[in-house]
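In: Below is the sequence, then the predicted model.
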Amino acid sequence: MKTQLLLKLLVITILVFSMISCGDAPSSEAQYEEAVETAEVPSDIEVGTPPPPPPPPPGIEVEPGDPEIGNTIDITDEEVGTIGNTTAPDLENYKVVLSVDGTINMNENGVLVVWIGADTVEVTFEEGTVQDETTIPTEIGQYAKVTPFAPDFDIINPIEDSCYKIHPSGSEIRFSLQPKSTGTYNVSVNIQLYETDDCQGAFVPKTSETLSVIVDVNTQKEIEKKVNTLGEIVWEQFLKFWGALVALIFGAILFIIRKKIKKKTGYEEKIDEPENGGEEA
């Protein structure tokens, strides 16, 4: 019993001393405030400003007016994610130009070109072609189907149901035309404008009555070609006739020479010799 009593008194004494020591120790917050108050701040440095930048490395000179090394960069006025105005200016109208060879020879192919682009772009074509142009609103659509209308011509290798994107710099579509006969004809082009890139759904048709040009088929060259063909045929037949005539003349000369040789040598064919020999027997 005495031992237990002594142990209890010892534990109580230890607890009392520990509580007294904790109450006398200053708190961490009090220590931090005391350290801040006693800290000495240099007189030439303002509180709240960043420290001065370190000196540049040896051999590197900082030119006046350049941003100081170590200073913070203010980006509050910068537009994040913008590179610049790369979009093309809004266009009100597209320019459509139809160009066709002014003269197409028979049995030869002519070229029909449809150019669609910004009305501010200047486009040039080859010499010997004729053009006409018009404008269409850009708000109608940026995709188009182009079909030439030329009933007096055969369209060689047509590309049907092709959807073309109209680019402001210019989109060029070419077709090959072959005239069916000689004469002067009108050609045009039909344009269907769409809002979707697959040229499906509703469209706005634009006929090309204002895009007509006159195509004159060169009959003079065709006549010259026919004359050349006729001349080749005549020359070929003449060569055949001349060959037969030369062969006939050569055969007649051989026949005459043979007869003269027979007369000079006195040789004559004896047709009746077998009959006479039989009677004598």
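Out: It's in.
In: From Y143, how far out is I191?
Out: To Y143, I191 is 11 Å away according to C-beta to C-beta, to the nearest Å. All C-beta atoms are positioned from the backbone trio N, CA, C, and that covers glycine.
In: okay, these two: which has more neighbours?
Out: Counting neighbours by other C-beta atoms under 10 Å for I191 and for Y143 shows that I191 has the greater number, 26 against 19.
In: what number of residues lie near the closest residue to M106 other than its chain neighbours?
Out: Excluding its sequence neighbours, the residue lying closest to M106 (C-beta to C-beta, 6 or more residues apart in numbering) is E222, at 4.5 Å. Using other C-beta under 10 Å, E222 is surrounded by 16 other residues.
In: Quick check: which element contains E222?
Out: helix 219-265 (DSSP states H and E).
In: other SSEs contacting that helix?
Out: For helix 219-265, there is no helix or strand it packs on, judged by 3 or more C-beta pairs under 8 Å, 6 or more residues apart in numbering; DSSP states H and E.
In: average model confidence for that helix?
Out: The average pLDDT within helix 219-265 is 82.
In: does the residue nearest to M106 really touch N105, like I thought?
Out: Yes: counting by C-beta atoms under 8 Å, E222 touches N105, with 6.7 Å between them.
In: Assign the closest residue to T138 other than its chain neighbours to helix, strand or coil.
Out: In this structure, T138 finds its nearest non-sequential neighbour in L91, 4.8 Å apart by C-beta to C-beta, 6+ apart. At L91, secondary structure determined by DSSP: H, G, I helix; E, B strand; the rest coil is coil.
In: cool, and the one 4 residues further on?
Out: Each residue gets one of three states, and K95 gets strand by three-state DSSP.
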